[in-house]
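>>> here are the coordinates; sequence isn't available:
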């Protein structure tokens, strides 16, 4: 078993890496979607969910994460004695029309394929994908029961002894 810790983009710092190492963490899960870029990131507002400074901005849909960004983060973690175990989630602005059959669907499918390719080229073993059922329920196209069952099965894998 490997012990991991997740960090949002603004928390990917040397100090937090040192803390992770101190408590025995070997793997980092990096959540690169920057919902908090408008926050000041002081000790009291690392997760400003009750303000207008976080949880909502997801970035420019035309700017994908680059291979260089992935490799740079991996190297930064390796220099701190840690491993980049996963990138958690895709930027919703990069794939929302893929989910909701919107006008940019083909481009967004290409965005996801490009991101998967770059994560693989950077030798990052896992790319997390967070399907948001609550978001899908307000989409232009209703979610079918089969899709719900499939997603629930993925979110609750059987425990293997």
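Perfect, I can see it now. Treat the numbers as computed from the prediction; the structure is a model and nothing was measured.
>>> buried residues, stretch 109-116. List them.
Using 16 or more other Cβ atoms under 10 Å as the test for burial, stretch 109-116 gives 111, 112, 115. (Glycine included, C-beta is placed from N, CA and C.)
>>> against residue 97, how distant is the second one?
Taking Cβ to Cβ, to the nearest Å as the measure, residue 112 and residue 97 are separated by 11 Å.
>>> for residue 103, same thing?
Distance from residue 103 to residue 97, by Cβ to Cβ: 6 Å.
>>> these two: who's more crowded?
residue 97 (19 against 9; other Cβ atoms under 10 Å).
>>> point out the other helices and strands that the helix or strand where that one lies packs with.
Assessed by DSSP states H and E, residue 97 sits inside helix 92-100. Applying 3 or more Cβ pairs under 8 Å, 6 or more residues apart in numbering; DSSP states H and E, we find helix 92-100 packed against helix 105-121, helix 133-137.
>>> how about 6 Å then?
Helices and strands touching helix 92-100, by 3 or more Cβ pairs under 6 Å, 6 or more residues apart in numbering; DSSP states H and E, are helix 105-121.
>>> what's in contact with the helix it packs on?
Contacting residues not belonging to helix 105-121 are listed as 64, 67, 70, 87, 94, 95, 97, 98, 127 [Cβ atoms under 6 Å, 6 or more residues apart in numbering].
>>> go ahead and build a ChimeraX selection from the buried members of the residues you listed.
Provided next is the ChimeraX selection string for whichever of those are buried by 16+ other Cβ under 10 Å:
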select :64,70,87,94,95,97,98,127
